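*Asks:* dropping a prediction and its sequence here:
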Amino acid sequence: MTAFTYTLKPTAGQETLLRTAGGAARAAYNTLLALVKTRLAERETNPDVRPPWTKFDLINAVNAWRRDLDAQGAVWHRTIPSIVFEEAAADLAYGLASFVDCRKGRRSGPSVGFPVFKKKSRTPYRFRIRAQKGSVAVGAPGRPRAVRLPRLGVIGVREDTRPLRRLLRPGLDGTPRARITAATVRWRRGRWTVAVSVEAPDLHPSLQCSPPEVEAPGWVGVDRGLVALTVAATDEGVETARIPAERIYRRREEGLALRHRRLARTLPGSRRRVRALRQVREYQARTAAMREHKLHEVANLLVNNHDRLVLEHLHVAGMLTNRRLAKSLSDAAFASLARLVVYKAAWRGVLVVEAERWFASSKTCSGCDHRVSELPLSQREFCCPACGLRIDRDLNAAINLAKQGARLCRLHRFLSCPGGGHHPDSGPASSRPGDQRATRTRRRRPNSGEAAVCGSSTARTSPIALPGA
Ligand SMILES: [Zn+2]
């Protein structure tokens, strides 16, 4: 599963329809939630009452609601694909199921509460269309840069759609390599976007690395920090990447303050206020887009040049409670970086493991494993009192992480592993004949000491291999 996101260029009429559809999804969700709550309250007195709970029940309930709307003469919902309502019902069913699973301890991750109403002022427009028999298509006759959605028609997009269209074209055996499963339309950062989800084949083998040899040296540790965003080093002490922190938010903070001051000087309800608010939002959106672009570059660099990575476990939510560092930490977006690395690694057959939460990567000497009790953030160099090693703080941490690789692998601390989530020791990756595949790989040895410079050289790679690439 992967998704291709495009920015939409709707006409004025289409934009109205998109807003109606977004509002309809929200209205359907809220109406169903109100129904569930009413039935739950009724059940207090009458145990025979059964609230709609499953996806099936909720879709039936939403269809009943739409028939009521028809009876009242409200025909607006007929302009919108009915699948939008069904998907809103599916979302609520998922929310209810997650709540129950969480209560019964069947769900990991943060705790999930009972679903809440989607407030109009706080919910951006968003709706999903499940693709049925070609109802969602990319490109239209004479219009390659477009998507076709049921009832909404052909909507132009800004980006080139060729990589996706190639995947959707029938191959030599007559069947396309990918299949569209859904389209999610969102109002995001002042633009309408559509994310087309596709079921796609694996990346072309030439773009994947050969199965990593778990026990061999060559693990690479990745240390994330505020001074250097990322430092990667092998267990043998060779630094393979060092990317300085960009501090994009900090750099643009002044411009943001300026726009906020302008906004504060306008009168509520005035046209100048609307314009000033739009300028604040556009500026924020640009900051976010710049950060996202940088993170993709860094993640690609790490994944395309290494075959086995060790990430530290960062409790980012906890770190953000430090008020002195919160802004810088948010700006560095550690958690987003890890998320990108993990999914890109899965595409490329790169093994990613995670160190334990309390593993002291920074405070341990990479030379003799001596552990110091204190290491303030201001101290950029690690000086070992036991063996006298002097080494850059982040490099030391990265080496320590790299040394844990094989052990973490044995402990099954995988974030991403080749072969679709099979642990390499369940189907022995290390014993697979690497030589047979060597001709098809473009893996560069991580410890070749190659100067990994992040920039335009790390071209954005298509998530899916093109035929014959
Ligand atoms: Zn030492």
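*Replies:* Thanks, I have it.

*Asks:* just the strands in the stretch 301-450 of the chain please.
*Replies:* Using DSSP state E, counting those that start in this stretch, the strands found in the stretch 301-450 of the chain span residues 308-311, 351-354, 381-383, 390-392, 414-416.

*Asks:* send the alpha carbons of the second one over as CSV?
*Replies:* Translated: strand 351-354. Backbone C-alpha positions of strand 351-354 (Å, rounded to 0.1, in the frame of the first residue of the first chain) are rendered in CSV as follows:
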residue,chain,number,x,y,z
LEU,A,351,16.6,-3.4,8.2
VAL,A,352,15.8,-1.0,10.9
VAL,A,353,16.0,-1.8,14.6
GLU,A,354,15.3,0.3,17.7
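
*Asks:* show me what it is packed up against.
*Replies:* Contact partners of strand 351-354 among helices and strands, from 3 or more CB pairs under 8 Å, 6 or more residues apart in numbering; DSSP states H and E: strand 308-311, helix 334-348, helix 393-410, strand 414-416. Where C-beta positions appear, they are placed from N, C-alpha and C, glycine not excepted.

*Asks:* of the ones you listed, flag the one that's most buried.
*Replies:* Of all the helices and strands packed on strand 351-354, strand 308-311 has the most neighbours on average by mean count of other CB atoms under 10 Å, namely a mean of 27.

*Asks:* distance from the chain centre to that strand, please.
*Replies:* Offset of strand 308-311 from its chain centre (CA atoms, centre = their mean, to the nearest Å): 19 Å.

*Asks:* now for that strand, which elements pack on it?
*Replies:* strand 220-224, helix 334-348, strand 351-354, helix 393-410.

*Asks:* so which of the ones you listed is nearest H315?
*Replies:* Across those, the minimum distance to H315, taken as CB to CB, is reached by helix 334-348, at 9.8 Å.

*Asks:* and stretch 322-331, end to end?
*Replies:* Terminal residues of stretch 322-331 are spaced 14 Å apart (CA to CA, to the nearest Å).

*Asks:* and stretch 262-277, by the same measure?
*Replies:* Criterion CA to CA; first-to-last residue distance in stretch 262-277 is 9 Å.

*Asks:* in it, what's buried?
*Replies:* Neighbour counts over stretch 262-277 (16 or more other CB atoms under 10 Å) mark 262-263, 273, 276 as buried.

*Asks:* hang on, the earlier thing: redo the helices and strands packed on strand 308-311 as CSV? Include distance to L256 and mean pLDDT.
*Replies:* Written out in CSV, the entries for the helices and strands packed on strand 308-311 read as follows (distance: least, CB to CB, whole Å; pLDDT from 0 to 100):
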stretch, distance to L256, mean pLDDT
strand 220-224, 25, 92
helix 334-348, 20, 89
strand 351-354, 34, 90
helix 393-410, 29, 89
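
*Asks:* does L337 touch L295 like I think?
*Replies:* Yes: checked against CB atoms under 8 Å, the pair L337 and L295 is within contact range at 5.3 Å.

*Asks:* hmm, back to that, intersect the buried residues of stretch 262-277 with the contacts of the ion.
*Replies:* Among those, none lies close to the ion by the criterion of CB under 5 Å from the ion.

*Asks:* and those, which of them are in helices?
*Replies:* If you go by DSSP state H, the buried residues of stretch 262-277 have 262-263, 273, 276 in helices.

*Asks:* to the ion, which of the helices and strands packed on strand 351-354 lies closest?
*Replies:* The stretch from these with the least distance to the ion (CB to the ion) is helix 393-410; that distance is 9.5 Å.

*Asks:* wait, does that closest one contact the ion?
*Replies:* No: applying CB under 5 Å from the ion, one finds helix 393-410 out of contact with the ion, separated by at least 9.5 Å.

*Asks:* list the contacts for A183?
*Replies:* A183 is in contact with 128-129, 131, 136, 147, 149, 194-197, counting by CB atoms under 8 Å, 6 or more residues apart in numbering.

*Asks:* in TSV, list those along with distance to the ion.
*Replies:* Shown next, in TSV, are the contacts of A183 (distance: CB to the ion, whole Å):
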residue	distance to the ion
R128	55
I129	59
A131	58
V136	59
V147	58
L149	61
V194	54
A195	49
V196	53
S197	50
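
*Asks:* filter these down to the buried ones and hand me the PyMOL line.
*Replies:* Isolation of the buried members of those (16+ other CB under 10 Å) is achieved in PyMOL through the command below:
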select buried, resi 128+129+131+136+147+149+194+196+197
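
*Asks:* just the ones of the contacts of A183 in strands?
*Replies:* Secondary-structure check on those using DSSP state E: residues within strands are 128-129, 147, 149, 194-197.

*Asks:* now do stretch 193-206, average pLDDT.
*Replies:* Per-residue pLDDT values across stretch 193-206 average out to 86.

*Asks:* end to end, how far does it reach?
*Replies:* Using CA to CA, the end-to-end distance of stretch 193-206 comes out at 31 Å.

*Asks:* just how off-centre is it within its chain?
*Replies:* Averaging C-alpha coordinates over stretch 193-206 and over its chain gives two centres that are 14 Å apart (CA atoms, centre = their mean).

*Asks:* can you check stretch 38-47 too?
*Replies:* Distance of stretch 38-47 from its chain centroid, counting by CA atoms, centre = their mean, is 40 Å.

*Asks:* what are the contacting residues of it?
*Replies:* Contact with stretch 38-47 is made by 49-52, as judged by CB under 8 Å, 6+ apart.

*Asks:* any of these buried? List them.
*Replies:* So, by 16+ other CB under 10 Å, the buried ones in the contacts of stretch 38-47 are 51-52.

*Asks:* the contacts of stretch 38-47 into CSV, with extra columns for pLDDT and secondary structure?
*Replies:* Below are the contacts of stretch 38-47 laid out as CSV (pLDDT from 0 to 100; DSSP: H, G, I helix; E, B strand; the rest coil):
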residue, pLDDT, secondary structure
V49, 90, coil
R50, 91, coil
P51, 92, coil
P52, 93, coil
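
*Asks:* CSV for the contacts of stretch 38-47, including distance to A74?
*Replies:* As requested, these are arranged in CSV below (distance: CB to CB, whole Å):
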residue, distance to A74
V49, 27
R50, 28
P51, 25
P52, 21
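
*Asks:* between the contacts of stretch 38-47, which sits nearest A140?
*Replies:* Closest to A140 out of the contacts of stretch 38-47 is P52 (38.1 Å), distances taken as CB to CB.

*Asks:* how about the closest one: what's its closest non-neighbour residue?
*Replies:* Leaving aside its chain neighbours, P52 sits nearest to A61 (4.7 Å; criterion: CB to CB, 6 or more residues apart in numbering).

*Asks:* now do the SS call for that neighbour.
*Replies:* For A61, the reduced secondary structure class is helix; criterion used: DSSP: H, G, I helix; E, B strand; the rest coil.

*Asks:* use 27 as the first number for this chain going forward.
*Replies:* New numbering, starting at 27: the last item is A87.

*Asks:* could you give the number of residues near it?
*Replies:* Neighbour count for A87, taken as other CB atoms under 10 Å: 20.

*Asks:* surely it is in contact with P77?
*Replies:* No: judged on CB under 8 Å, A87 makes no contact with P77 at a distance of 9.6 Å.

*Asks:* between these two, which contacts overlap?
*Replies:* L61.

*Asks:* and the gap between the residue nearest to P78 and the ion?
*Replies:* Using CB to the ion, to the nearest Å, we find A87 at a distance of 66 Å from the ion.
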